[in-house]
Every structure is written in structure tokens, then in C-alpha cells.
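**Student:** give me coordinates for this.
(2 chains)
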Amino acid sequence: MCGIVGLFSKSLSVSDRLGEHLGDMLLEMSDRGPDSAGVALYRTPAPAGSTKVSLHSADPDYDWEALQVELDERFGSTQPDVRASHAVFVVDTESRALQQWLRGHRPELRVMSAGTSLEIYKEAGAPREFVKRFALADVQASHGLGHTRMATESAVTTDGSHPFWTGLDLCLVHNGSLSNHNWLRTRLRREGLEFETENDSEVAAGYLTWRLAEGDSLEQALESCLGELDGFYTFAVGTADGFAVLRDPIACKPAVMAETEDWVAMASEYRAIAVLPGAADANVWEPAPATVYSWERQPVG
Amino acid sequence: MTITSPVTVETVDLDSTPLRELNKRLHNLGEPPSPAAWRVVNPGGRHAIAVGIDAEVEVDVEGHVGYYCAGMNKLATVRVHGNAGVGLAENIMSGSVIVDGNASASAGATGRGGLVVIQGDASSRCGISMKGVDIVVRGSVGHMSAFMAQKGRLVVCGDAADGLGDSIYEARLYVRGSVAGLGADCIEKEMRGEHLLELRELLDAAGLPEADPTVFRRYGSARQLYNFHIDNAGAY
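**Tutor:** Here you go, the predicted structure:
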């Protein structure tokens, strides 16, 4: 089943409380996905040339301070923003170099995202606990995605939780299941992409990352999904400046969208939108099958 | 449509009353049913609102509803002043369900009788496996509408997306706008006098007296998929 939500703010009043809103939406989708929960948040972009990285440690007492000292000596690094089992650093180097260093020096850590503004938090367990443990209510962001998971294609672990990130600032949440993900993963590996799990949704994220790297716009990349991905899907996709939704041509996975002057939202069910301010007066519609819906903001600077 | 104004209207706020309590009360109305008029506020997209009513009452829901609203409805008139989620009026037996806005997938699915009116659009699989219900959609319907429809009438004032009436049995489909594509064994049929008459009645029942039945086209079953075809015997 799974529940997915997305919220794209068009006003400061919404971005100031985006984490809280996204958390409220996630709670409404608990019934659709009690196994794990996750969010992707786009906020405070790292300066040019540096990388924002979200890291996960299985050890609850992990010494993030020690890592900060090492990262700072090697590249220059901010203090970590620690939330439950995750920590976010802004490190003064390119994403690839940072990931390579982490693999060599801190193999016990899992890179959840490495980009400019994207942060990813995800964990196995009930959404209600997740929202509390990660203190989502305190987070400001321009847009975000969320997922509550009822696992089908792979194990109930933090690794198998959504959102999935495979490069750049792109990430994806998925309701559905893909049937040609093994073959597609093999093909994308040949193109140089790396995958961390056996999960089908990670392959969809990888496919989009690859298309974008090949020069597609987000809209073009999503349109090419219609020909390449076999299976059921409703996707919500985030990029540094954009937000998009796509349903497969059969559209048996639900989706509803709504827009006001202050925000654009999508969710598996309307009740996750009903909790947003001004929802009662929002323009509400069901996204049509095989149709890309996307929003973009002008990049700052 | 005439709306009788009842003496008392029972208002239920779903932000403060559990949905199960509302539905339980709607299932135990006595004879004659009392209260006979209900107003449900703050539906908040909740699922299964006003499901399983078996009494001649009127229920007005003020806002958007989630899945299976007014499912299995008997005798009651349920009006949704908003949009409806998946499976609106699923397996409706009689009475009527009216939605001011749009309805999501599978509206009126497997309905046995009664009338479903959608003032906006219905998405995919509207009237899937309908077994006697009448459905009038003022807007358009999504793909695979009236899939395996067995009995009843589906009226679409707008357009129908691809795969209309796939594997249809004896339901009758009337579409005013374009049909993107007919499903297997669904064909266009002649619009005869009796069809114009029944369409007139359906449009009137749906509160559309101004709609002209002569501009609709009729679709139904070619009846080629009913039985095993002897020419296929060689396949075994």
C-alpha cells in the first residue's frame, strides 16, 4: 500500500512551518504505511563548491562531534545538525570526494543524501514515533516529500525506507511496485550509477538521476519513465528547485493534489491534505494517468 | 429536484464525533427513521462516511470525503458538498448519492440499483462491474469506465477516456462528448426512441432538464464475448 505526501511552499508562512505540516500529513498516512517513515526536505542550500550530506548511523551513541573534527581538518565542515539517528553536515568539498572519503574512513555510516539543499531522514518504525524523534515540527524548508511504507518488494529496514536518493538533489517517493527493476538496475549500473539496496523505488530514483545527468529536464525525465518503467507507480519527485508528480497509465495507485496561493500539495489520500492551512478552499483535483505535473521555483542567485 | 425541508436536522461534527458513532447512529434510525435529516460537518476526507444506511433519510456532507462514501446505500439520499475519494457509493442498492465536485476511481462500482450523480468529473473505472445502478456524470469519465458493466445505465455529459465499456454485458452507456476508445466487445449502437426516452428520464432525475438527449450517442455490448466460440476449439 504505502502513503506518499509532498508539499511545495509558495509563501514564507508555509516554509517557516513546512516540517510541521509535512509531519501532520505523514501522520494521516500512518494507516497506509506503518512499517517505516521518511522525509526529504529542501532547505538552506550549501554554498557553491560545498556539499550538504545526510548521514545515518545504526549506533544511537555515535560520536558525531569526532566526525566533525575530522571532516573539518580534512575539508572544512559545519557543526552537525543531529536528529535522532541522522546528522547533517555541510562540508567544504565536492559531493564525490566527500562520499569517497566517507566510504574509506567511515564505512559504518550510510549516506542518505549528498547534494546542495536536500536532507533525508528515514527509519523503520511507526510514523508517529518518527515525527517525534526527528522533531519535524522545528524544521523550515522550501519543499519536502514524505513516505509511510508498507513493505512489499524488499525488507523493512532503514535502507529500504523511502525517500530514495541516488545523486544530485533529486529524490523520490513511490507508491506502487515496479516489475522490471532488476534489469533496469543492471542497465543503470553499466551507465555508472550506484545502488545501495535491492529496492525497486531506488531504481526509479536512479533512472531519473541518470536522465537528468544526460540533459533531460525533470519533465522530460518523467515522461521517459512512462516508456521505461514497468509496474504500478505514483511518484512524487523533488529537485533543488522543483516538485513533480507522475502516475502510471493504469493509475491504480491513488493520488490527489491541491493548490492554494500559499502551497501545492500531493498525497495518496485527501485526508493528508485536509490538515493543511486553507485546505477547505484549495483547488483539489486527481492527477490524470500518464501526465506529468511539475512546479519549479526560480533558483536563488 | 425537490428537496423536502425536514423539521429537524441532526448535525454531526466529525472533528469531535468518532466516525463509527455516526455510522452506528445512521444504522439504527428506527421506523419511521428519526432524525430523517442529517448534516455532517468537517468530513476531512475520512473514509467510509455514511456507509450502509438502510433508511429513507437525507444526509448532507459538508466537505470532501475519502473512500467508499455512502457505500451499500439503501433508500437514503446522500449529498456530498465537495469531492469524493475512491469507491463512491460502492455497491449502492437504492436511493441516491449526489456529489457536487469530482469523484475518484471506481465511483458506483458494482452498484445494484439507485442513482449516483457526479456534478464534476469521475476518474477511472467509473461504474466498473455495475449491476443495475444508474450513474450520471455531468463532466467526463476516466479510462476503463463501465468495465464489465452488467446492468444499469451510465450517462456521461462530457468525454470518456480510453477503454470505455471493456467486456461489457447488458449495461447501456450514453456519452455526449468524445470517446477516446472503446474497450473489447463494446460498440456504438443505434439511438432509438426508447433510448431517448430513458435518457430524458435519467437526465431529469439528475437535475439536468436542459440537457438534450438527441446529442448523446449510445454504446453497448456486441455480445461476442458471452460464450465460448466454437472456432476457438482448436486452441485446446
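**Student:** residue contacts, residue A:23?
**Tutor:** Residue A:23 sits next to A:39, A:131, A:136, A:137, A:146 when contact means CB atoms under 8 Å, 6 or more residues apart in numbering or on different chains. From N, CA and C alone the C-beta is placed, and that goes for glycine too.
**Student:** count the neighbours of the first one for me.
**Tutor:** It stands for residue A:39. Neighbouring residues of residue A:39 were enumerated by other CB atoms under 10 Å in any protein chain shown; the total is 29.
**Student:** listing partners with orientation, what would you give for the helix or strand where it lies?
**Tutor:** With elements taken from DSSP states H and E, the one containing residue A:39 is strand A:36-42. For strand A:36-42, the paired strands and their directions (DSSP bridges) read strand A:118-124 (antiparallel), strand A:143-149 (antiparallel).
**Student:** any idea how far the residue in chain B that chain A sits nearest to lies from residue A:159?
**Tutor:** For chain B, the residue positioned closest to chain A under CB to the nearest CB is residue B:45, at a distance of 3.5 Å. Residue B:45 sits 32 Å away from residue A:159 when distances are taken as CB to CB, to the nearest Å.
**Student:** tell me which of these two has more neighbours.
**Tutor:** Neighbours of residue B:45 and residue A:159, each counted by other CB under 10 Å, are more numerous for residue B:45; the result is 27 against 18.
**Student:** which is the next helix or strand following the lowest-mean-pLDDT helix or strand in chain A?
**Tutor:** Taking all helices and strands of chain A together, the one with the lowest average confidence (mean pLDDT, DSSP states H and E) is strand A:164-167, at a mean of 86. Towards the C-terminus, the helix or strand next in line after strand A:164-167, according to DSSP H and E, is strand A:170-178.
**Student:** where along chain B do the strands fall?
**Tutor:** Taking DSSP state E as the criterion, chain B contains strands spanning B:10-13, B:37-41, B:58-62, B:77-80, B:96-99, B:115-118, B:131-137, B:151-156, B:172-175, B:186-189, B:217-221.
**Student:** want to throw those strands into TSV with mean neighbour count, mean pLDDT and distance to residue A:89?
**Tutor:** Rendered in TSV, the data for these read as follows (neighbours: other CB atoms under 10 Å in any protein chain shown; pLDDT from 0 to 100; distance: least, CB to CB, whole Å):
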stretch	mean neighbour count	mean pLDDT	distance to residue A:89
strand B:10-13	16	98	48
strand B:37-41	21	98	48
strand B:58-62	22	98	49
strand B:77-80	25	98	50
strand B:96-99	26	98	51
strand B:115-118	28	98	52
strand B:131-137	26	98	54
strand B:151-156	25	98	56
strand B:172-175	25	98	59
strand B:186-189	17	98	60
strand B:217-221	20	98	62
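**Student:** and those strands as JSON lines, adding distance to residue A:259?
**Tutor:** Converted to JSON lines, the strands of chain B look like this (distance: least, CB to CB, whole Å):
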{"stretch": "strand B:10-13", "distance to residue A:259": "27"}
{"stretch": "strand B:37-41", "distance to residue A:259": "24"}
{"stretch": "strand B:58-62", "distance to residue A:259": "21"}
{"stretch": "strand B:77-80", "distance to residue A:259": "21"}
{"stretch": "strand B:96-99", "distance to residue A:259": "21"}
{"stretch": "strand B:115-118", "distance to residue A:259": "22"}
{"stretch": "strand B:131-137", "distance to residue A:259": "24"}
{"stretch": "strand B:151-156", "distance to residue A:259": "26"}
{"stretch": "strand B:172-175", "distance to residue A:259": "30"}
{"stretch": "strand B:186-189", "distance to residue A:259": "36"}
{"stretch": "strand B:217-221", "distance to residue A:259": "35"}
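**Student:** for the least confident helix or strand of chain A, packing partners?
**Tutor:** Taking 3 or more CB pairs under 8 Å, 6 or more residues apart in numbering or on different chains; DSSP states H and E as the contact definition, the neighbouring helices and strands of strand A:164-167 are strand A:110-115, strand A:170-178, helix A:200-213.
**Student:** out of the strands paired with strand A:36-42, which is the most enclosed?
**Tutor:** By mean neighbour count, with neighbours taken as mean count of other CB atoms under 10 Å in any protein chain shown, strand A:143-149 ranks first of these at a mean of 30.
**Student:** excluding its backbone neighbours, what's nearest residue B:23?
**Tutor:** Of all residues not flanking residue B:23 in the chain, residue B:51 sits nearest, at 6.0 Å (CB to CB, 6 or more residues apart in numbering or on different chains).
**Student:** hang on, that neighbour packs against residue B:69?
**Tutor:** Yes. With contact defined as CB atoms under 8 Å, residue B:51 counts as touching residue B:69 (7.3 Å).
**Student:** and the contacts of residue A:23, which two are furthest apart?
**Tutor:** Based on CB to CB, the longest span within those runs between A:137 and A:146 and measures 13.6 Å.
**Student:** quick revisit: between the contacts of residue A:23, which sits nearest residue A:237?
**Tutor:** Set against residue A:237, the nearest of the contacts of residue A:23 by CB to CB is residue A:146 (13.1 Å).
**Student:** I'd guessed the closest one sits against residue A:41; true?
**Tutor:** No. Residue A:146 is beyond contact range of residue A:41, at 9.2 Å (criterion: CB under 8 Å).
**Student:** got any residues that touch both of the two?
**Tutor:** Both residue A:146 and residue A:41 are contacted by residue A:22, under the criterion CB under 8 Å, 6+ apart.
**Student:** where does the stretch 51-200 of chain A dip in pLDDT?
**Tutor:** A:153 (pLDDT under 70).
**Student:** tell me which residue of it lies closest to chain B.
**Tutor:** Ranked by CB to the nearest CB, the top residue of the stretch 51-200 of chain A for proximity to chain B is residue A:175, at 13.3 Å.
**Student:** for burial, what's the neighbour tally of that residue?
**Tutor:** 27.
**Student:** same question, residue A:43
**Tutor:** 18.
**Student:** show me what contacts it?
**Tutor:** Applying CB under 8 Å, 6+ apart as the definition, the contact partners of residue A:43 turn out to be A:18, A:117, A:119, A:139, A:140, A:141, A:142.
**Student:** swap in 6 Å and give it another go.
**Tutor:** For residue A:43, the contacting residues are residue A:141, taking CB atoms under 6 Å, 6 or more residues apart in numbering or on different chains as the criterion.
**Student:** for it, give its distance to chain B.
**Tutor:** The gap separating residue A:43 from chain B is 28 Å, by CB to the nearest CB, to the nearest Å.
**Student:** thought residue B:206 was touching residue B:117, still the case?
**Tutor:** Yes. Counting by CB atoms under 6 Å, residue B:117 does reach residue B:206; the two are 4.6 Å apart.
**Student:** make JSON lines out of the strands of chain B and add distance to chain A.
**Tutor:** Written out in JSON lines, the entries for the strands of chain B read as follows (distance: least, CB to the nearest CB, whole Å):
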{"stretch": "strand B:10-13", "distance to chain A": "14"}
{"stretch": "strand B:37-41", "distance to chain A": "11"}
{"stretch": "strand B:58-62", "distance to chain A": "10"}
{"stretch": "strand B:77-80", "distance to chain A": "12"}
{"stretch": "strand B:96-99", "distance to chain A": "13"}
{"stretch": "strand B:115-118", "distance to chain A": "12"}
{"stretch": "strand B:131-137", "distance to chain A": "14"}
{"stretch": "strand B:151-156", "distance to chain A": "16"}
{"stretch": "strand B:172-175", "distance to chain A": "18"}
{"stretch": "strand B:186-189", "distance to chain A": "18"}
{"stretch": "strand B:217-221", "distance to chain A": "21"}
